[in-house]
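> need the 3D shape of this:
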Amino acid sequence: MKTFRHFRHALALLLVSVLLAGCNALPGENLQVEELLRAPRLSGDYGAVQTALNDWLGESAQLKYPMQGELLSPFLLQDLDGDGQQDAAVLYTTAQSTNVCIAILQRDDTGAWQVRQSVEGLADTVENVRLAQLRAGDDCQLVVGYVAAQGDHYLAVYAYNDGQLSTILEQSYEQYLVEDITGGGSQDLILMSTQEDGGVQIELLTVDKEGGFRQAAVMGLSADRFSGCASVAAGLGSDRRNYLVLDGWTGISGNNLASVLLCFDESTQQMVQASQISADELYEASLRNVSTLVSCDLDGDGIVEIPTQPDEAGLLNLSQSRRMDFIVWMDYTSRRPEKSFGLLDEETNCYIELPTEWEGNLKLTDSEQYDGAVELRTVDEDQPVMTVRLAQTAASSTGWTKLGIVASRQMQARLAPDVEIQDADYSLSNALYLLN
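Have a look, this model is predicted:
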């Protein structure tokens, strides 16, 4: 730190001395001062793309970074038009632009980047950006979610073909997914929006043979039960059909969750309620009071599991120091829907899978032996089964099984003496799942 302060002080003195030279300074010296004061340029292709954009604009563009998502850079280098050559898309604003702009660049015959076109977006902030394969062919589309200052969300889909960037969709939204829900090989666009009566409508947008979007709307969450959509997830079912799982806000406070299961009907080309379980049964089964407990592909098998809190899963000691819940994850597309039983730690939003034979005969209490730990005991005989704790990573783990790192601490568990697990496929060391 001291060396850096000395360097910074010396640099400041150098700048002052050069500036004081004024008109006596040589042209080369003025250039050196400008180089010192100029913001650093990006290296490689990013730097070349940024320079080409600034030259085309005649000013320095202000790069705009997406707020969230997998693509967090203002630069996207990808073959957008499917011609085998890399293109570049840049998110930026200028002093003259109100909203975010998108510039498309290609290399010329000399290999230098050249701006081909720029379009203005729908708001001043980019929420997320992703690539999609919404139609057959080698090209891909750019899906951009915008958020305005007042909080409204807008979605735009751009296609770049034959040297032209065209906008093929502009629409408001609350949540969206890009998935192959119709099973046609290309991806589909699923938009969620809340209606005036409070119900949540799904719009399934698929590309038709002419290249335009065909819309199929369905009321996914009815206003008499739900007040909004908390999350939406897509995946396969055990029957290999494509499904959507919607988690909606419900209850008097509006902080509880329940789920709706939809699938694509090829005969009607519509999204319909899944037939394996009725909407009423699923609502009652999936009603849960943990606002962060949304449906997800828990085990990475492509199937979206729905979390439930059945009474028979176990007993909780409400005076415990940390809020924890027994959870059963279900696949209602299967004839045997139960997938996993375990313990949810609400403080860290992680899930610990437990042996299925323990289900229905457990209670949860604070551990008297280990500070900050919780203990699983049998309901019938009050016998200890397992202890779970969060320990500092430097703490000794002798006698404990390391489950993983959670919130910069180590989640550990230890079985009580003489406890044997009958399920041969169960592994305590692989039982921890970090939820989003």
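> please make it C-alpha for all contacts and neighbour counts, starting now.
OK.
> how many residues are close by the closest residue in space to N99 that isn't next to it in sequence?
In space, and not counting its chain neighbours, N99 is closest to D124: 4.2 Å by Cα to Cα, 6 or more residues apart in numbering. When neighbours are counted by other Cα atoms under 10 Å, D124 registers 19.
> confidence score at D124?
D124 carries a pLDDT value of 94.
> same check, this time on G372
83.
> repeat for G220
Predicted confidence (pLDDT) for G220: 79.
> again, but for L105
Looking at L105, the pLDDT reads 96.
> ok, the most centrally placed residue in the chain - contacts?
Residue closest to the average C-alpha location in the chain (Cα atoms, centre = their mean): G69, at 5.8 Å. Listed by Cα atoms under 8 Å, 6 or more residues apart in numbering, the contact partners of G69 are 127-130.
> out of the residues you listed, who's the most crowded?
Most crowded among the contacts of G69, counting by other Cα under 10 Å, is V129 at 25 neighbours.
> sorry, back to before: from the contacts of G69, which land in strands?
127-130 (DSSP state E).
> save these as a markdown table, and put in pLDDT too.
Formatted as a markdown table, these follow (pLDDT from 0 to 100):
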| residue | pLDDT |
| --- | --- |
| E127 | 96 |
| N128 | 95 |
| V129 | 96 |
| R130 | 94 |
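> redo the contacts of G69 as TSV? Include distance to E347.
Putting the contacts of G69 into TSV (distance: Cα to Cα, whole Å) gives the following:
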residue	distance to E347
E127	27
N128	28
V129	31
R130	31
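> quick one, helices of the chain?
Assigned by DSSP state H, the chain shows helices spanning 2-20, 27-37, 44-57, 279-286.
> would you quantify the distance from S186 to V406?
37 Å (Cα to Cα, to the nearest Å).
> any weak-confidence spans in the stretch 151-300 of the chain?
Along the stretch 151-300 of the chain, the model assigns pLDDT under 70 to residues 208-213, 216-217, 219.
> mind checking the end-to-end distance for stretch 95-107?
End residues of stretch 95-107 are separated by 26 Å (Cα to Cα).
> repeat that for stretch 267-278.
20 Å.
> mind listing what's buried along it?
Neighbour counts using 16 or more other Cα atoms under 10 Å place 270-274 of stretch 267-278 among the buried residues.
> quick one: the residue nearest to the centre of the chain from E127, how far?
Taken as Cα to Cα, the span from G69 to E127 is 8 Å.
> what residues go with each domain of the chain?
41-168, 173-279, 312-317+349-436 (automatic domain parsing).
> tabulate the ones you listed (JSON lines), appending distance to D301.
Converted to JSON lines, those look like this (distance: least, Cα to Cα, whole Å):
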{"stretch": "domain 41-168", "distance to D301": "21"}
{"stretch": "domain 173-279", "distance to D301": "9"}
{"stretch": "domain 312-317+349-436", "distance to D301": "14"}
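> and R336, which of those domains is closest to it?
domain 173-279 (9.7 Å; Cα to Cα).
> and that closest one, end to end?
25 Å.
> how far away is Y92 from I102?
For Y92, the distance to I102 - Cα to Cα - is 7 Å.
> with neighbour numbers in mind, choose between these two.
Between Y92 and I102, Y92 has the larger neighbour count (other Cα under 10 Å), namely 25 against 22.
> you'd agree the more buried one is up against F75?
No: counting by Cα atoms under 8 Å, Y92 does not reach F75; the two are 9.4 Å apart.
> per-residue confidence for A136?
81.
> quick one, what contacts it?
S186.
> who does the closest residue to Q383 other than its chain neighbours bridge with?
Once flanking residues are discounted, Q383 sits nearest to R377: 5.2 Å by Cα to Cα, 6+ apart. Counting by DSSP bridges, R377 is bridged to K363, P384.
> what is the neighbour count of R377?
21.
> list the contacts of it.
R377 sits in contact with 362-365, 383-386, where contact means Cα under 8 Å, 6+ apart.
> list just the nearest of those to S193.
For these, the nearest to S193 is L364 (40.0 Å; Cα to Cα).
> tally of neighbours for the closest one?
Going by other Cα under 10 Å, the residues that sit close to L364 add up to 24.
> that one contacts D382, doesn't it?
No: assessed by Cα under 8 Å, L364 is found out of contact with D382, at 10.4 Å.
> so how far is Q164 from the residue nearest to N99?
23 Å.
> chain neighbours aside, what residue packs nearest to T194?
V200 (4.4 Å).
> that neighbour and Q175 touch, don't they?
No: using Cα under 8 Å, V200 is not in contact with Q175, being 10.7 Å away.
> who's more crowded, these two?
Taking neighbours as other Cα under 10 Å, V200 and Q175 compare with V200 leading, 23 against 18.
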